[in-house]
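A.B. asks: next come a sequence and a model predicted from it.
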Amino acid sequence: MATDVRLKEELPAITDQLVETYTECSRLNHLAHEPLPNRDAVADIVADLFEVLYPGYGKRQNLHIGNIGYYVGSLVDSLHDKLTTQIARALRHELCHERDSAVSAPVPEPWESPSEDKPHTDCEKIAQPKAVELLRRLADVRKTLELDVEAAFRGDPAARSHHEIIFCYPGLEAITIYRVAHELYGLGVPFIPRMMTEFAHAKTGIDIHPGATIGPGFFIDHGTGVVIGETCHIGRGVKLYQGVTLGALSFTKDDDGGLLHGNYKRHPTLEDGVIVYANATILGGQTVVGTRAVVGSNVWLTESVPPDTTVVLEKPKLRLKGAKPNTEPLTYEI
Ligand SMILES: CC(=O)OC[C@H](N)C(=O)O
């Protein structure tokens, strides 16, 4: 079907309206600035990291101990370059942002580069050692991931093999991305850790903030809807089911009444061996779930639980109605 060219006459006016908003709502665009980290490039880095962390499960087949060094060596080399570029972009952006939001800084016009005439910082020089340090830590990350895979295998009767967990489990995918992102977060890299974990969130439905601290042998079964906040502390051998929220109970305000931003402790601590069943919500920075405690499904918990205890909701009364016509509703107690 042919399009009506007359309707296209409106397009220049539509474009003009949009361009006007680039001045009015200038916080929603990023014009004439240094380039930002790139979403696709970060996704590409994540894909390469999976090849390095789980070789033979991904893109490249026919790997063996004789050729793995060549394959991983080439990936490590290109990861070095890609990471350095993206980290440098993130650092530069943060630097510009800090300078631009300094009280004394003149407000730039939307079309101006706020970084113009400002001393140039060699962000690549700062980024490269961070990239190398991340790569250096990958061997240890793999050792932790092996414990995570083992925990998933031991913790899920539906798992038939370690291969199945690496191929299929969204929990492992989210934990893997979190473990790398957490290292970058610890290295003081802005934006990219969060881009990585939000990429995992979009793919798996599991939202783990890169600032959370999580011990080895961590297993998230099914996973959809799990939320783990920035200042959570999770011990060794913890297991979570779908829909679990480890969140903040209240927010601290600053002197102007705005929310205080940053990583002050506002999310709970789960000690070693804790199990949290589906859709439980545990909130608050002072809330500690003690070693080996079990939190049942749908529990809403805002206070601490001693070790080796089980917290469950009281059993609800079920009413089964209309089993037979013209009879009283049947009350069935469980
Ligand atoms: C997980 C959670 O509590 O989120 C709330 C808020 N984003 C925060 O980090 O405090």
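C.D. replies: All right, it came through fine. Residues are numbered from 1 along each chain as shown.

A.B. asks: which strand or helix spans the spatially most central residue of the chain?
C.D. replies: In the chain, the residue lying closest to the centroid (C-alpha atoms, centre = their mean) is residue 197, at 2.5 Å. Element membership for residue 197 (DSSP states H and E) is helix 192-204.

A.B. asks: give me the residues contacting the following helix or strand past that helix.
C.D. replies: For helix 192-204, the following helix or strand on the C-terminal side (DSSP H and E) is strand 207-208. Surrounding strand 207-208, the residues in contact under the criterion C-beta atoms under 8 Å, 6 or more residues apart in numbering are 174, 175, 178, 197, 198, 200, 201, 214, 226, 227, 228. C-betas here are computed from N, CA, C, even on glycine.

A.B. asks: any idea which element the third one lies in?
C.D. replies: To tie it back to what came earlier, the one meant is residue 178. Using DSSP H and E, residue 178 sits in helix 170-186.

A.B. asks: pLDDT below threshold where in the stretch 51-200 of the chain?
C.D. replies: Scanning the stretch 51-200 of the chain for pLDDT under 70 picks out 100-120.

A.B. asks: which residues of the protein lie near the ligand?
C.D. replies: For the chain, the residues in contact with the ligand (C-beta under 6 Å from any ligand atom) are 227, 229, 230, 247, 248, 266, 267.

A.B. asks: and the helix holding residue 178, what does it pack against?
C.D. replies: Where contact means 3 or more C-beta pairs under 8 Å, 6 or more residues apart in numbering; DSSP states H and E, helix 170-186 is packed against helix 39-53, helix 123-155, helix 192-204, strand 207-208, strand 213-214, strand 219-220.

A.B. asks: rewinding a little: hey, C-alpha coordinates of the helix holding residue 197 in CSV?
C.D. replies: Output of helix 192-204 as CSV, limited to C-alpha atoms (Å, rounded to 0.1, in the frame of the first residue of the first chain):
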residue,chain,number,x,y,z
ILE,A,192,29.2,0.1,33.9
PRO,A,193,28.5,-2.3,36.9
ARG,A,194,24.9,-1.1,37.0
MET,A,195,24.6,-1.4,33.2
MET,A,196,25.7,-5.0,33.5
THR,A,197,23.4,-5.9,36.3
GLU,A,198,20.4,-4.2,34.6
PHE,A,199,21.2,-6.1,31.5
ALA,A,200,21.0,-9.3,33.6
HIS,A,201,17.8,-8.0,35.2
ALA,A,202,16.2,-7.4,31.7
LYS,A,203,17.2,-10.9,30.6
THR,A,204,16.5,-12.9,33.8
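
A.B. asks: coming back round to it: among the helices and strands packed on helix 170-186, which is the most enclosed?
C.D. replies: Across the helices and strands packed on helix 170-186, averaging neighbours per residue (mean count of other C-beta atoms under 10 Å) puts strand 219-220 on top, at a mean of 28.

A.B. asks: what does the next helix or strand after that one rub up against?
C.D. replies: Using DSSP H and E, the helix or strand that follows strand 219-220 in sequence is strand 227-228. By C-beta under 8 Å, 6+ apart, the list of residues contacting strand 227-228 from outside reads 207, 208, 209, 212, 214, 234, 244, 245, 246, 247, 267.

A.B. asks: direction included, what does strand 227-228 pair up with?
C.D. replies: strand 207-208 (parallel), strand 245-247 (parallel) (DSSP bridges).
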